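K.L.:
Here is a sequence with its predicted model. Questions after.
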Amino acid sequence: MIILGINAYHGNASGAIVCDGQLVAAAEEERFNRVKYAAGFPANAVRYCLREAGVTISEVDHIAIPRNPWARLGTKALYAIRLPRFAFGRSRAMARFAWILDELAEACDVDPSRIRSNVHRVEHHRAHLASTFFVSPFEQAAVLSADGLGDFASTMWATGRENRLAVHGSVAFPHSLGLYYTALTQFLGFWKYGDEYKVMGLAAYGEPAHLNEFRRIVRSANGTPFSLGLDYFIHHRNGPEMTWRESDRTPALGRLFSSYIEERLGAARQAGAPIEQRHQDIAATLQARLEEVLFDLLNALHSRTGQKALCLAGGVAFNCVANGKILDVTPFERVYVQPAAGDAGLAVGAAFYVYHQVLGFPRSFVMDHAYWGPGFSRAAIKQVLEQRGLRYRELPEEQLCRETAQHIADGKVVGWFQGRMEWGPRALGNRSIVVDPRRPEMKDTLNSRIKHREPFRPFAPSILEEATAEYFEKSHPSPFMIMAYPVRPDKRSAIPAPTHVDGTGRLQTVSPQTNPRYWRLIKEFENVTGVSAVLNTSFNENEPIVCAPNEAIDCFLRTKMDVLAIGDYLVVKES
């Protein structure tokens, strides 16, 4: 039983393939075409998934697409009358879906008549719910999806039991926590698609000084579904449809906030303008109000379901600051968020929804790691190294990890390229840049030499799973870098570089079972320094995370990186 999931014509276009209930491959299109958050049809990702599974498109039994034009048809019809321009844009998007088999045939270079798969349209948020619960370690759980907009809904909650999801309720357009966060992100001068994570980092520098105003911007009480104060927004009048440039598939959203919000909070910050205390306080209030509303939803969901475990999906589930507080402010005892919680994850969710909810097969898979992208053989890596004329040494794993750990301890900036590429937006030890967390200057070093990021954005620690409680005030595993925990006060001086200004760290817990080589690297660093963590950031320079060896070498050579550990090979730049 082969099921191909395709998230197309939206930001974070992606593909995934499930064979007999097991995820075989999943990847975002951006890793292949090198366009951040790439939209359009994920031809490269689909070809990779089929190749990894060893099948042709004619052997695929089912195709799962995470969009259903019939969902909330009444609401869509209402807005088609009120917003004809928006309706035209959506009808054009629906037309694209009508052509999806033609695009698939073209991508696979076959006649469309050879594609005999059953095509299933899965509602956006049901695919999100499936993307987290059906791959979680829980037999039953409460499940919540929250994002900007999909099939005219922004939020949906359910109970998952074994191979079934029972949906309890949803919040429909125009009310949306995701659009709320994006609108205020734009107000603060960050206009690029996906910039919300920057504002989450900025929030730590401010105080929630505007809560009364923000409780009018997002309204909720006693666990009831939230609503937006629509005077502050324009998406319900203009339509929030995402667009993208046909030339390079770069996604974009138009302005979402109204002039009324400027009357209440002052002038919006212009992109690139200095960041003032006022902007930091607005960011802090934005985050605080999101947490209030989200925790209200979660507490109400717990009251309804009585479940001890929680699964989260949707773009809001990337808010690691909120996620890190869930165990403190709700009765839930365990939390699971898969590594591609945003719209890329819809490809996985749609495929598993068809396998379990539609076809009725039992569950047999748990996503306990994120390494579902392309990997490269020793011979392929060696060939690229020789083609590029690099001097390298081939080392056994123990020596490779030991020497690399020593370079890190010596203050070197190390590119670490190993195994299969990560699924989702985080580098989790296979496509990472790794440095010494003990050195406070490392944050500035990375920004000046490679990353060129805003100074308020934090970097993340990767820590041996068994040492988590020694360094952090919580020990619940966070293998996908999706939680932020307070660093223990007595350990902040040991890992100052990845400790944020508010004393937290967005940690990745590393297990010897799921990534033995990365675990061994950190263990060797511990042997050298006595510290059980390293600073980990994505292997890239203002581009998607590197996927292939030649991209890693390009990034290594054009930046001020010192060392490259690529497969079994170690490359050290000469001074």
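P.N.:
Right, received. Where do you want to start?
K.L.:
Return the set of buried residues in stretch 333-352.
P.N.:
Using 16 or more other Cβ atoms under 10 Å as the test for burial, stretch 333-352 gives 334-352. Every residue, glycine included, has its C-beta placed from N, CA and C.
K.L.:
I should have written stretch 560-575 there, sorry.
P.N.:
Counting neighbours by 16+ other Cβ under 10 Å, stretch 560-575 gives 561-572 as buried.
K.L.:
neighbours of Leu312, just the number please.
P.N.:
Leu312: 29 surrounding residues under other Cβ atoms under 10 Å.
K.L.:
any idea what sits nearest it, other than its immediate chain neighbours?
P.N.:
Val337 (4.8 Å; Cβ to Cβ, 6 or more residues apart in numbering).
K.L.:
ok, now Lys443?
P.N.:
Once flanking residues are discounted, Lys443 sits nearest to Ala497: 5.3 Å by Cβ to Cβ, 6+ apart.
K.L.:
right, and that neighbour touches Asp436 too?
P.N.:
Yes - counting by Cβ atoms under 8 Å, Ala497 touches Asp436, with 7.3 Å between them.
K.L.:
Can you check which residues contact both of these two?
P.N.:
442, 535 (Cβ atoms under 8 Å, 6 or more residues apart in numbering).
K.L.:
Now do the end-to-end distance for stretch 54-68.
P.N.:
Using Cα to Cα, to the nearest Å, one end of stretch 54-68 lies 29 Å from the other.
K.L.:
and it, what's its mean pLDDT?
P.N.:
Stretch 54-68 carries an average pLDDT of 96.
K.L.:
Isn't Ile261 up against Phe187?
P.N.:
Yes - using Cβ under 8 Å, Ile261 is in contact with Phe187, at 6.3 Å.
K.L.:
Give me the common contacts of the two.
P.N.:
Joint contacts of Ile261 and Phe187 (Cβ under 8 Å, 6+ apart) are Ala268.
K.L.:
More neighbours: these two, which one.
P.N.:
Per other Cβ under 10 Å, whichever of Ile261 and Phe187 has more neighbours is Phe187, with 24 against 21.
K.L.:
pLDDT at the more buried one, what is it?
P.N.:
On the pLDDT scale, Phe187 gets 98.
K.L.:
residues contacting it?
P.N.:
Counted by Cβ under 8 Å, 6+ apart, Phe187 has contacts 257, 261-262, 265, 268-269, 282.
K.L.:
now do 10 Å
P.N.:
199, 232, 255-257, 261-262, 265-269, 279, 282-283, 286 (Cβ atoms under 10 Å, 6 or more residues apart in numbering).
K.L.:
Among those, name the buried ones.
P.N.:
199, 232, 256-257, 261, 265, 268-269, 279, 282-283, 286.
K.L.:
and Pro486, bridged to which residues?
P.N.:
Thr504 (DSSP bridges).
K.L.:
before we move on, back to that, could you export the buried ones among the contacts of Phe187 as JSON lines, including pLDDT and distance to Phe138?
P.N.:
Putting the buried ones among the contacts of Phe187 into JSON lines (pLDDT from 0 to 100; distance: Cβ to Cβ, whole Å) gives the following:
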{"residue": "Val199", "pLDDT": "98", "distance to Phe138": "31"}
{"residue": "Tyr232", "pLDDT": "98", "distance to Phe138": "37"}
{"residue": "Leu256", "pLDDT": "95", "distance to Phe138": "35"}
{"residue": "Phe257", "pLDDT": "97", "distance to Phe138": "38"}
{"residue": "Ile261", "pLDDT": "97", "distance to Phe138": "40"}
{"residue": "Leu265", "pLDDT": "98", "distance to Phe138": "41"}
{"residue": "Ala268", "pLDDT": "98", "distance to Phe138": "42"}
{"residue": "Arg269", "pLDDT": "98", "distance to Phe138": "42"}
{"residue": "His279", "pLDDT": "98", "distance to Phe138": "40"}
{"residue": "Ile282", "pLDDT": "98", "distance to Phe138": "37"}
{"residue": "Ala283", "pLDDT": "98", "distance to Phe138": "33"}
{"residue": "Leu286", "pLDDT": "98", "distance to Phe138": "31"}
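K.L.:
mind listing which of these are in helices?
P.N.:
When DSSP state H is applied, these are split such that 199, 261, 265, 279, 282-283, 286 fall in helices.
K.L.:
Closest one of those to Val171?
P.N.:
Relative to Val171, the closest of these is Leu286; by Cβ to Cβ it sits at 18.5 Å.
K.L.:
What sits closest to the closest one if chain neighbours are left out?
P.N.:
Leu184 (4.6 Å).
K.L.:
Could you tell me how far the one you found is located from Tyr232?
P.N.:
Counting by Cβ to Cβ, to the nearest Å, the separation of Leu184 from Tyr232 is 9 Å.
K.L.:
got any residues that touch both of those two?
P.N.:
Residues touching both Leu184 and Tyr232 comprise 214, 217-218, 256-257, 261, 265, with contact defined as Cβ under 10 Å, 6+ apart.
K.L.:
Just the ones in strands from those, please.
P.N.:
With strands defined by DSSP state E, the entries of the shared contacts of Leu184 and Tyr232 inside them are Val218.
K.L.:
ok, of the shared contacts of Leu184 and Tyr232, which one's closest to Arg121?
P.N.:
Nearest to Arg121 out of the shared contacts of Leu184 and Tyr232 is Leu256 (Cβ to Cβ; 27.1 Å).
K.L.:
mind checking how far that closest one is from Ala39?
P.N.:
The value you get for Leu256 to Ala39, if Cβ to Cβ is used, is 18 Å.
K.L.:
what's the answer for Gln399, then?
P.N.:
Gln399 is 44 Å from Ala39, by Cβ to Cβ.
K.L.:
okay, these two: which has more neighbours?
P.N.:
Neighbours were counted for Gln399 and for Ala39 using other Cβ under 10 Å; Ala39 has more, 27 against 14.
K.L.:
Quick one: residues contacting the more buried one.
P.N.:
Ala39 sits next to 7-13, 29-30, 193, 242-246, 248-252, 343 when contact means Cβ under 10 Å, 6+ apart.
K.L.:
In PyMOL, select just the buried ones from the residues you listed.
P.N.:
Buried members of the contacts of Ala39, defined by 16+ other Cβ under 10 Å, are picked up in PyMOL with:
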select buried, resi 7+8+9+10+11+12+13+29+30+193+242+244+249+250+251+343
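K.L.:
Narrow the contacts of Ala39 to those in strands?
P.N.:
Using DSSP E, these in strands are 7, 243-244, 251-252.
K.L.:
Those into a markdown table, with extra columns for pLDDT and distance to Val35?
P.N.:
Listed next are those as a markdown table, based on pLDDT from 0 to 100; distance: Cβ to Cβ, whole Å:
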| residue | pLDDT | distance to Val35 |
| --- | --- | --- |
| Asn7 | 97 | 15 |
| Thr243 | 71 | 14 |
| Trp244 | 70 | 9 |
| Pro251 | 84 | 9 |
| Ala252 | 81 | 12 |
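K.L.:
could the residues you listed go into JSON lines alongside distance to Arg116?
P.N.:
Shown next, in JSON lines, are the ones in strands among the contacts of Ala39 (distance: Cβ to Cβ, whole Å):
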{"residue": "Asn7", "distance to Arg116": "22"}
{"residue": "Thr243", "distance to Arg116": "34"}
{"residue": "Trp244", "distance to Arg116": "31"}
{"residue": "Pro251", "distance to Arg116": "32"}
{"residue": "Ala252", "distance to Arg116": "37"}
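K.L.:
and which of those residues is nearest to Leu312?
P.N.:
For the ones in strands among the contacts of Ala39, with Leu312 as the reference and Cβ to Cβ as the criterion, the closest is Asn7, at 18.1 Å.
K.L.:
My guess is the closest one contacts Ser14. True?
P.N.:
Yes - at 4.6 Å, Asn7 and Ser14 qualify as touching, with contact defined as Cβ atoms under 10 Å.
K.L.:
between those two, what contacts are shared?
P.N.:
28-29, 42, 45, 66, 340, 342-348.
K.L.:
buried residues in stretch 363-379?
P.N.:
Applying 16+ other Cβ under 10 Å to stretch 363-379 flags 363, 367, 369-374, 376 as buried.
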